[in-house]
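J.: Here is a sequence with its predicted model. Questions after.
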Amino acid sequence: MYRCYLFFLIVLSSCVEPFEATTEEFESALVIDALITNELKFQTISLTRTYRFEEEPEGETNAIVSISGDDGEEYNFNESSPGIYVSSIMFNAKPNVNYELSITTSAGSSYVSKPTLLTKSLAMDDLYASVVTNDQNVEGVSIMVDTFDPQAESLYYRFDYEETYKIVAPNWNPQDLYIVSETPPILGFEIRPREEEVCYNTVNSIKIILANTSGFTEDRLSGFQVRFIGRDDYIIGHRYSILVKQYVISREAHAFYKTLSELSGLESIFSENQPGFFNGNIVAQNDPREKVIGFFDVSAVNQERIFFNHQDFFPDDLIPAYPNDCFVTNPVISEVINGVRFNNIKFFGVPGPDEPRDGPYKVVPRVCGDCTVLGDSEIPDFWIE
């Protein structure tokens, strides 16, 4: 899902001089991020307010949120955290039912969506990875989708993904240092209490990925790229997995997401094409002229997952560089004690007889010996080696 925010930006003078960017004019508006699918799950809706350039977004709290269908079913949502509303029961959108979103804020303002039907469900034909060279002449791995609707009823698509990658700490050691005494300075060894060598990190896509086959001779996507990863990117250094979700969306939803993508993809907030307000399918009942940002989307979704290793595509390559410099140092004992106290170093070894010696231990930055800085040591349920 995607969050959109409305900015009213300052007007620049023709003089070029240092300035602090602030918002001179501001209009508060409700931002609604609402998507329900044909998946049986706890559905989620996000409510926030527009915010000034120099501020952080805040959730719209204590609202009453519900979704009703013309089949007589109604689903209530409870606030799980500020601005995040989760359905009280698991449910899934059903075909041939018009759904309507209703919101009432704590201030008494009411909002309602246009009746919206679930789109057609269409499975992906294939999800696969191939080595390609992109437009910037960078070689890497392209994650691509093939899909086809012989009835030509889908036409508009949106994709997102969840990628998970394996992290191996390059300087992990099963032993760790602990402080026995500071006066005199004495350090001891202990076995690490949990796995810190191999971890996994999961990241959700944030880019709006759209496809449109309405102008094609057939409703087919072949080799449609949803993700590109350079061959030197460490996230594919070991093992990588990606879960791609394909949403069949309406023409109106496609137009909304396309506009949102164009505005959020500006190279600079000071571009000549500055963001403004654009309509979704939600209106304010108290005042139809009130600006509301967001779209109530009811989409069929299908998903596929693939795994691959770096050596599957680049068998002659070394493992891509770790994202941090992992210099081995030999600091004096007082610096080692400070590093252990604040948990910003990890034990690497003991200097050899022919090595320069400033202190009794060789150490590395914590991130190089403890993968939990970058991920989670728990193996994901779906993970396959």
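T.: Happy to help now that I have it.

J.: so for the helix or strand hosting Thr259, what's the average pLDDT?
T.: Element membership for Thr259, per DSSP states H and E: helix 251-264. Mean pLDDT, helix 251-264: 88.

J.: chain center to that helix: distance?
T.: Distance, stretch centre to chain centre, for helix 251-264: 18 Å (CA atoms, centre = their mean, to the nearest Å).

J.: Other residues contacting the helix or strand that comes right after it?
T.: Later in the chain than helix 251-264, the nearest helix or strand by DSSP H and E is strand 282-284. Strand 282-284 has contacts (CB atoms under 8 Å, 6 or more residues apart in numbering) with 32, 34, 101, 109-114, 290, 292, 294-296. Placement of C-beta: from N, CA and C, glycine included.

J.: cool, stretch 350-363 as well?
T.: With CB under 8 Å, 6+ apart as the criterion, stretch 350-363 contacts 177, 187, 328-333, 335-336, 339, 345-349.

J.: Identify each buried residue in that stretch, please.
T.: Using 16 or more other CB atoms under 10 Å as the test for burial, stretch 350-363 gives 359, 361-363.

J.: That one spans what distance, first to last residue?
T.: 9 Å (CA to CA, to the nearest Å).

J.: State the mean pLDDT of it.
T.: Across stretch 350-363, the average pLDDT comes to 90.

J.: just stretch 284-291 next, same as before
T.: 87.

J.: picking that back up, quickly name whichever of the contacts of stretch 350-363 is closest to Glu218.
T.: Glu218 has its nearest neighbour among the contacts of stretch 350-363 in Lys346, at 56.7 Å by CB to CB.

J.: residues touching the nearest residue to the closest one once chain neighbours are set aside, list them.
T.: Closest residue in space to Lys346, ignoring its immediate chain neighbours: Gly369 at 3.0 Å, by CB to CB, 6 or more residues apart in numbering. Shown in contact with Gly369 (CB under 8 Å, 6+ apart): 169, 171-173, 196, 346-348.

J.: mind running it again at 6 Å?
T.: By CB atoms under 6 Å, 6 or more residues apart in numbering, the residues touching Gly369 are 169, 171-172, 346.

J.: can you put those in a markdown table and add secondary structure, pLDDT and neighbour count?
T.: Below are the contacts of Gly369 laid out as a markdown table (DSSP: H, G, I helix; E, B strand; the rest coil; pLDDT from 0 to 100; neighbours: other CB atoms under 10 Å):
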| residue | secondary structure | pLDDT | neighbour count |
| --- | --- | --- | --- |
| Ala169 | coil | 96 | 24 |
| Asn171 | coil | 96 | 22 |
| Trp172 | coil | 95 | 18 |
| Lys346 | strand | 97 | 25 |
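
J.: Format these as CSV; extra columns: distance to Asp376.
T.: Formatted as CSV, the contacts of Gly369 follow (distance: CB to CB, whole Å):
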residue, distance to Asp376
Ala169, 13
Asn171, 19
Trp172, 15
Lys346, 18
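
J.: Can you list phi and psi of Val373 for me?
T.: phi -70, psi -30 (degrees, to the nearest 10).

J.: Correct me if wrong: it contacts Val367.
T.: Yes. Here Val373 reaches Val367: they are 4.3 Å apart, a contact under CB atoms under 6 Å.

J.: Name the residue in these two with the higher neighbour count.
T.: A direct count of neighbours by other CB atoms under 10 Å for Val373 and Val367 places Val367 higher, at 21 against 18.

J.: Tell me which helix or strand comes right after the top strand by length along the chain.
T.: In the chain, with assignment by DSSP state E, the single longest strand is strand 292-309. As assigned by DSSP H and E, the chain's next helix or strand after strand 292-309 is helix 310-313.

J.: Quick one: residues in contact with that following helix.
T.: 131, 141, 236-237.

J.: Can you flag which of the contacts of stretch 350-363 belong to helices?
T.: Of the contacts of stretch 350-363, the ones assigned to helices by DSSP state H are 333, 335-336, 339.
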